[in-house]
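>>> turn this into a structure:
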Amino acid sequence: MSTHIWKVDGKVVTPSKGPEIKWEDNRFFTLEWNGKKYLGEVTEEKMEQGYIRVKINHREFLLEKEGKLDTLIKELGLDKEKIKKLKQLKSPMPGRVIGILVKPGDSIVVGDELLTLEAMKMENVLKSDGEGVVKSIDVILQDVVEKGKVLITFE
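Numbers count the residues shown, from 1 in each chain. Next comes the predicted model:
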């Protein structure tokens, strides 16, 4: 008896005997069932999160796995994605500060635009790669900064 519950497009399925899978490499495979061959491709693999996406004959399927260990991990709250806690935003390159898009006290999440830096006549919007609260802005508009200079400090 299988120790996992598999879901295909959100519906619980019971694996049956019969289908054969021949792997071409770690991404492409051929599925043979009831005398017919189907071409398949793994389009996304997220086994840590319990799913994979496959495309079979141009139709995409979401395959999800759930077992006793997966249930325990969820109950303990260990299935949450880890989000980086921001401490500082440092300049990734030399440039001139041409826009400050946050202020002290702002709560920041992943993807928020923080600051605009002009480098080599191009505007570069620096975005958050974590979460935090802005403690201080360590530059002012038109400051010329070197690579590695602290621009924003977070609580």
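>>> which SSE is the residue nearest to Leu115 when sequence neighbours are not counted in?
Of all residues not flanking Leu115 in the chain, Leu126 sits nearest, at 4.8 Å (C-beta to C-beta, 6 or more residues apart in numbering). Any C-beta I mention is one placed from the backbone N, CA and C, and that applies to glycine too. Leu126 belongs to strand 122-127 when elements are defined using DSSP states H and E.
>>> can you give me the helices in the protein?
All helices of the chain, identified by DSSP state H, fall at 68-75.
>>> got any ranges where it has weak pLDDT?
1-6, 8-9, 13-18, 34 (pLDDT under 70).
>>> how does it divide into domains?
With automatic domain parsing as the criterion, the domains of the chain are listed as 4-75, 88-154.
>>> how close does Met93 get to Glu113?
Met93 sits 17 Å away from Glu113, going by C-beta to C-beta, to the nearest Å.
>>> quick one on the thing from earlier: my guess is the residue nearest to Leu115 contacts Leu89, does it?
Yes - taking C-beta atoms under 8 Å as the definition, Leu126 is a contact partner of Leu89 at 6.5 Å.
>>> follow-up on the earlier one: ok, the residue nearest to Leu115 - contacts?
Counting by C-beta atoms under 8 Å, 6 or more residues apart in numbering, Leu126 touches Leu89, Pro92, Glu113, Leu114, Leu115, Thr116, Leu117, Leu151.
>>> now for those residues, which pair is the farthest apart?
Spatially, the most separated pair among the contacts of Leu126 is Pro92 and Glu113, at 14.5 Å (C-beta to C-beta).
>>> how about JSON lines for the domains of the chain, with distance to Glu81 added?
Converted to JSON lines, the domains of the chain look like this (distance: least, C-beta to C-beta, whole Å):
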{"stretch": "domain 4-75", "distance to Glu81": "8"}
{"stretch": "domain 88-154", "distance to Glu81": "10"}
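>>> give me the nearest residue to Val110, chain neighbours excluded.
Spatially, and ignoring its direct neighbours in sequence, Val110 is nearest to Ser128 (5.8 Å; C-beta to C-beta, 6+ apart).
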